[in-house]
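Peer 1: Quick one: sequence and predicted model below, then my questions.
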There are 2 protein chains.
Amino acid sequence: MTRYEEVAAILRERIEHGIYRVGDRLPSIRAVCQELDVSISTAQEAYRQLMDVALIESRPKSGYFVLPSRVPSVLPSVSRPAQRPLDVSQWDQVLELVATQRDDNRLLLGRGVPNLEYETLRPLSKILAGLHRSTDLNGFNYDKLGGSPELRQQVARLAIASGCLLHPDDIMVTTGCQEALAIALRTLTQPGDVVAVDSPSFYGTMQILKANGLKALEIPTDPQTGISLEALELALEQWPIRAIQVTPTYNNPLGYTMPEARKRALFQLAQRFDVAIIEDDIYGDLSFALPRPRTVKSFDDDGRVMLCSGFSKTVGPGLRVGWLAPGRYRDQAMHMKYVSTGASATLPQLAVAEFVAKGHYERHLRFATRQYQRQRDIMISWVQRYFPESSGISYPQGSFLLWVELPAAVDCVRLNERLAQHAIHVAPGSLFSASGKFRQCLRLNYAFTLTSAIEDAVRTVGELAAEMVADARSHESCLIG
Amino acid sequence: MTRYEEVAAILRERIEHGIYRVGDRLPSIRAVCQELDVSISTAQEAYRQLMDVALIESRPKSGYFVLPSRVPSVLPSVSRPAQRPLDVSQWDQVLELVATQRDDNRLLLGRGVPNLEYETLRPLSKILAGLHRSTDLNGFNYDKLGGSPELRQQVARLAIASGCLLHPDDIMVTTGCQEALAIALRTLTQPGDVVAVDSPSFYGTMQILKANGLKALEIPTDPQTGISLEALELALEQWPIRAIQVTPTYNNPLGYTMPEARKRALFQLAQRFDVAIIEDDIYGDLSFALPRPRTVKSFDDDGRVMLCSGFSKTVGPGLRVGWLAPGRYRDQAMHMKYVSTGASATLPQLAVAEFVAKGHYERHLRFATRQYQRQRDIMISWVQRYFPESSGISYPQGSFLLWVELPAAVDCVRLNERLAQHAIHVAPGSLFSASGKFRQCLRLNYAFTLTSAIEDAVRTVGELAAEMVADARSHESCLIG
C-alpha cells in the first residue's frame, strides 16, 4: 500500500465510523499533512482517491465534504480486449458522429463538445474583436511554424499546474489536439508498426492509426485506475511496440484518472522497454478539484513522452488551437508539422494567449468545472433512473463525459438506429475499439445545460435500451420454451 | 500549329510590321473573334501568348496594349533533372526559410507571402470583428468536417472562372493549401511510391513526399510551357508512377502557365496511363489578365484530378483557409482530413466566405494584381540592372514570384550565407529540387511595396553574386596561368 492509499484508508475508516458525517467538512489538506506527517501531494492524492469512489466531494473555496452515500452505481467492467495487434475499423461509425456536428437537428448526446454558452467565455469574443480592430494586419500573415511566442509562453505557465516544467520552445502549437496526436504518431512510427492503447480508446486516435497503416494493440483497462500496467508489460515483452498511447487524466471515454503512482510506473515501464509514450491530456485542465492531476509527462526525465493537449475542450473546439510538447522528438515533429498544415492559424492563437494571460481562462475553468460536476451528478441520477438496472456507470472527477455499460443484450449501434426516429444520437462504444467491441456501451455528454428536453432524451435512450433487453429475454425464453 | 497559335502569329506579325505600334491599343477580343472567325477562348489564349513573351500587356478596363520592346531578358533554361525516382532532401534549407517568417530582422526577399497592406483587404478585419460581436458562439464550435457550407458555396462560385463546375459538396475546406496537398498525396500513395513532379517544384510539396517516404521523379520543365509532356510520357512508361503533381498556373517558382492545349493533353496523358493528378492552383486567381487561365481540373471528366487551392496567396496565409476538390477520391480524402486536424477553424472560414460573397475578394484581386504586374516590371528591371549580365529571368503573367537563373559559378546557398551579414535572405533554388539542384537559381518576391530599401537589397544580392562569378574566373585563370 502506498502512502496516499494509507492516508485514504484512514480517512475512509473515519467516515465509515461516523467520525466525519454526511455533509461535514473534512480537515483541510494542510491539517491532514500535519496530523499524519505526509506531504501535500500525498494528502491531495488521498482526497482524490476518496472523490473517485464518491465518498467525498470538493467544493471550490470551501473544502472537502462527506457525500451522502448515493445509490451505489456499478462501475463499468474492466475491458478484456483481444490481446493482439489489430487493424482499426469503424470509420463509417466515426464519420457519422463527426460529420454531423453542426446544423444537425438531432440531439447529439454523445458528442465531445464542451458547453460554449457560459458567460465566462464572453471575454474571448471581445479579445477577438479587439485583435481585428487593431490596424496591424499581421494576423493575416503566417505565424511562426512552432506557434505564436505569446501563446507558447502561456501554455508553459499553465503546464506548471500539471507538474511540467516546459520552456516555451519545448511547445509547438498545432491545429487542434488532433493534429498534435497525428504528428506524434507519425513522428514515432512507420506503417505496419504496433501501438499499444488503452481500451476503450478515443476514436480520433484510433483513426490516425488506421490512416497510417498502424496496428492497435488494445490493453485491458480498469475503469478506476486506467491501463493495466501488468498487461502492458506482458505486451511489451511479446510485441514490437513502437509507442504507448494513453489518455491517463479524465480518460475519454472511461472517465478515470490514473493515480500518480501508476503514472510514474507507466513512465518507468516505458523507459525500461525504451518505448515512447503519447499522452493525450486534452481533458486534464477540467479538474473538479484543485490542483489538477499531474501528467505522465511530469515524470519524464529523458524526453520520451510526447504530450498532446489544447483548448478544444475548454475554450472552444472551433478555434483549433492545440499544442504538442514533443520532448526529444522535436526536430522530426517540426517537420511533420510543416508538411501537415504549415503554421497554424494566427488569430486564434493570439486570442487564446490573451484570454489566458488576462486570467479569463482560469476563471472560466473554475466556473465550467463547477457546472460540470453538478451536471455529472444529475446525468448519473437520470441514467440510474431510466437505464436498465444493471448498467455500469463511470464516475469521472473532471471533464464532461460519461461512459455507460448496458446489459450485453443492448447493441448501441442498433440502438442509435432506433433513436434516429426520435432525433437522438449517442456515441456507441464500438467507436472506441479497433475491432468494434463495446457495442453494449455508450458515451454521454453532460456539458449541456441539462434541460427537461435532455432528461426526456436520456429517458428515451433508457427505454429503447430496456426494450432491447426485453426483446432478447423473450427471444431466449422462446428458444427455451 | 493550334488555332490560337495561328492567331498569335498573325497579331505578332502586325506588331513587328508596325501596324500596331508601341502604346497602341490592340483590337478587342470580340473584334479579333469577328475578324478571324475564332472563339473567344481562342482569342484570349492568343493574347495570353503575346503577354507571355512581353509583346503586349493587359490594362484593366482599358484593353490590350503594345509594349515597348524591353531589353530582352533571357528566360531561365529548361530544367534537366535526374530522371529517376529520388528521396527528397533539403529539409534544413526549407526550415531556415519557413521558420523565420515573423519577427525576423532579415529582409526575406524570397518568401512566398502576398502583400497584406493593401486597403482592399481592410473589409476582412471589419467582417471578423463583426463575427465576434455577434452573440452566437457557434464560431467556437466545431465546423462541419468538410468545411462551412457558406464558404464551400463561394469557392464553387469562384471555380467557374477557372472552367470548373463544382458542387459545394465537391469541395473540402482544409487548413491551408498545404493540408490539401498533404491530404491528396496521402490519399493516393503508400510509402515507397513514386510521384512525378514538375522541376523545379514547390518545396512544401517536396517535403510532404519526404515525410511520407515517397520518391520524387522530377520531370524536365520548360520555363514557358511547363512540365514536358514528352518526358512525362516516357517516365510513365518506365516507372510505376502513382500520381503526377503539378502547379500549371503561375507556377511556383518558374512563373509559367501551361497553355490550355497542354493542360488538356496532360489530363489525357494521365487518363491514358490511369494515373491521378494533383493540381496546385494556389496562385491561379492572381492573374494579370481576365479571365484567369483554366485549370487542368476543368478538363477532368472522370474525377482523377485532385485540385488544391486556398486563400493564402490572395487574402492572407495566417487565416489558413485552403480547399481541396478531391474528385473521385472524396471518401478517402475525408478520412485523411479527419485524422489530420479534424474540422478546420470555423471563424476564418466564415470570414472568408463573407469577404468573397460581398465582392471584396474580386475587388481585392483586381487591385492586388495591378500592383503585382507593375512591381514585376520594376523587379525585373532591377534584376537586369544589378545582377550578372547573363542571368535568366522568368516573366510571369500572374502571382508575385520571380525566378532568376544566375551564372553557374553562383551558389545561392553560399550566397545566402554572405547575405546574412546584410540581413538579407533569398530563397535558394535548391529548395525546389529533391536532390538540391538549381543552386545557381533563386526566387524573389515582388509583392513587397518596392521601396528603395528593397532596391538596395536587390543590388546587394546582385553585387555579391557578381563577386562569386569574379572569384570563380580568377580561380580559373589561376589554374590556367
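Peer 2: Happy to help now that I have it. Because the structure is predicted, anything quoted here is derived from the model rather than measured. Numbers count the residues shown, from 1 in each chain, chains lettered A, B, ... in the order given.

Peer 1: Tell me how far the longest helix belonging to chain A lies from the chain's centre.
Peer 2: Ordering each helix of chain A by length in residues (DSSP state H) puts helix A:452-480 first. Helix A:452-480 has its C-alpha centroid displaced from the chain centroid by 29 Å (C-alpha atoms, centre = their mean, to the nearest Å).

Peer 1: OK, contacts around residue A:147?
Peer 2: By C-beta atoms under 8 Å, 6 or more residues apart in numbering or on different chains, the contact set of residue A:147 is A:171, A:172, A:173, A:174, A:323, A:343, A:344, A:349. C-beta coordinates here come from the backbone N, C-alpha and C atoms, glycine included.

Peer 1: would the fifth one count as being in a strand?
Peer 2: Meaning residue A:323. Yes - following the definition DSSP: H, G, I helix; E, B strand; the rest coil, residue A:323 is counted among the residues of a strand.

Peer 1: show me what contacts it?
Peer 2: By C-beta under 8 Å, 6+ apart, the contact list for residue A:323 reads A:147, A:151-152, A:155, A:171-174, A:177, A:180, A:308-310.

Peer 1: likewise the last one?
Peer 2: For residue A:349, the set of contacting residues under the criterion of C-beta under 8 Å, 6+ apart consists of A:143, A:147, A:148, A:150, A:151, A:173, A:321.

Peer 1: do the same with the third one
Peer 2: Contacts for residue A:173 (C-beta under 8 Å, 6+ apart) come out as A:143, A:146, A:147, A:148, A:151, A:152, A:155, A:321, A:322, A:323, A:344, A:349.

Peer 1: Which pLDDT value does the model give the first one?
Peer 2: We note a pLDDT of 76 for residue A:143 in this prediction.

Peer 1: Quick check, residue A:395 in contact with residue A:55.
Peer 2: No - with contacts counted by C-beta atoms under 8 Å, residue A:395 stays clear of residue A:55, the gap being 10.9 Å.

Peer 1: which one of the contacts of residue A:323 is nearest residue A:7?
Peer 2: Residue A:7 lies nearest to residue A:309 out of those, by C-beta to C-beta, at 29.5 Å.

Peer 1: Confirm for me that residue A:296 is in contact with residue A:265.
Peer 2: No - because the distance of 9.9 Å does not satisfy C-beta under 8 Å, residue A:296 is recorded as not touching residue A:265.

Peer 1: So which of those two has more stuff around it?
Peer 2: A count of neighbours by other C-beta atoms under 10 Å in any protein chain shown puts residue A:296 above the other of residue A:296 and residue A:265, at 29 against 17.

Peer 1: quick one: low-confidence ranges for the stretch 151-300 of chain A?
Peer 2: Applying pLDDT under 70 to the stretch 151-300 of chain A flags no residue at all.

Peer 1: where along it do the helices fall?
Peer 2: For the stretch 151-300 of chain A, the helices identified by DSSP state H, counting those that start in this stretch occupy A:176-188, A:203-211, A:229-238, A:260-272, in order along the chain.

Peer 1: Out of the contacts of residue A:323, which end up buried?
Peer 2: Burial by neighbour count, judged by 16 or more other C-beta atoms under 10 Å in any protein chain shown, picks out A:147, A:151-152, A:155, A:171-174, A:177, A:180, A:308-310 from those.

Peer 1: And the residue of the stretch 301-450 of chain A closest to chain B?
Peer 2: Taking C-beta to the nearest C-beta, chain B has its nearest neighbour within the stretch 301-450 of chain A at residue A:316, 2.8 Å off.

Peer 1: Run a quick neighbour tally on that residue.
Peer 2: For residue A:316, the tally of surrounding residues (other C-beta under 10 Å) stands at 26.

Peer 1: Grab the nearest non-local neighbour of it.
Peer 2: Leaving out its chain neighbours, the residue that sits closest to residue A:316 by C-beta to C-beta, 6 or more residues apart in numbering or on different chains is residue B:140, at 2.8 Å.

Peer 1: Touching, the one you found and residue A:321? I think so.
Peer 2: No - Residue B:140 is not in contact with residue A:321 according to C-beta under 8 Å; the separation is 10.5 Å.

Peer 1: hey, what's in contact with both of these two?
Peer 2: Residues touching both residue B:140 and residue A:321 by C-beta under 8 Å, 6+ apart: residue A:315.

Peer 1: Report pLDDT for residue A:46.
Peer 2: In this prediction, residue A:46 carries a pLDDT score of 91.

Peer 1: burial count for it?
Peer 2: Taking other C-beta under 10 Å as the criterion, the count of residues near residue A:46 is 25.

Peer 1: Run through the neighbouring helices and strands of the helix or strand containing it.
Peer 2: According to DSSP states H and E, residue A:46 maps onto helix A:40-52. Of the remaining helices and strands, those touching helix A:40-52 by 3 or more C-beta pairs under 8 Å, 6 or more residues apart in numbering or on different chains; DSSP states H and E are helix A:3-16, helix A:29-36, strand A:56-59, strand A:63-66.

Peer 1: ok, 7 Å please
Peer 2: Secondary-structure packing of helix A:40-52 (3 or more C-beta pairs under 7 Å, 6 or more residues apart in numbering or on different chains; DSSP states H and E): helix A:3-16, helix A:29-36, strand A:56-59.

Peer 1: Name the residue of the stretch 1-150 of chain A that lies nearest to chain B.
Peer 2: residue A:140 (2.8 Å).

Peer 1: Please list the residues of the stretch 301-450 of chain A that sit near chain B.
Peer 2: Within the stretch 301-450 of chain A, the positions lying close to chain B (C-beta under 7 Å from any C-beta of the partner chain) are A:316-320, A:335-336, A:338-342, A:344-348.

Peer 1: if you set the cut-off to 8 Å instead, what comes out?
Peer 2: The stretch 301-450 of chain A has residues A:315-320, A:334-336, A:338-348 near chain B, with proximity defined as C-beta under 8 Å from any C-beta of the partner chain.

Peer 1: Which ones among those lie within helices?
Peer 2: A:334, A:335, A:336, A:338, A:339, A:340, A:341, A:346, A:347, A:348.

Peer 1: The first one: neighbouring residues, count only.
Peer 2: Residue A:334 sits with 20 neighbouring residues when counted by other C-beta under 10 Å.

Peer 1: try the fifth one
Peer 2: Other residues lying near residue A:339 total 26 when counted by other C-beta under 10 Å.

Peer 1: Then the last one?
Peer 2: Using other C-beta under 10 Å, the number of residues around residue A:348 comes to 33.

Peer 1: Local confidence estimate at it?
Peer 2: The score at residue A:348 is 93. That number is its pLDDT.

Peer 1: what sits against the residue nearest to it when sequence neighbours are not counted?
Peer 2: Leaving aside its sequence neighbours, residue A:348 sits nearest to residue A:319 (C-beta to C-beta, 6+ apart; 4.2 Å). Contacts for residue A:319 were tallied using C-beta under 8 Å, 6+ apart; they are A:311, A:312, A:348, A:351, A:352, B:140, B:345, B:346, B:347.

Peer 1: Do I have it right that the last one meets residue A:131?
Peer 2: So the one you mean is residue B:347. No - the pair residue B:347 / residue A:131 is not scored as a contact, 11.0 Å apart, by C-beta under 8 Å.

Peer 1: tell me the pLDDT at the residue nearest to residue A:348?
Peer 2: 93.

Peer 1: if we can go back for a sec, isn't the residue of the stretch 301-450 of chain A closest to chain B right up against residue A:114?
Peer 2: Yes - with contact taken as C-beta under 8 Å, residue A:316 and residue A:114 are classed as touching, separated by 7.5 Å.
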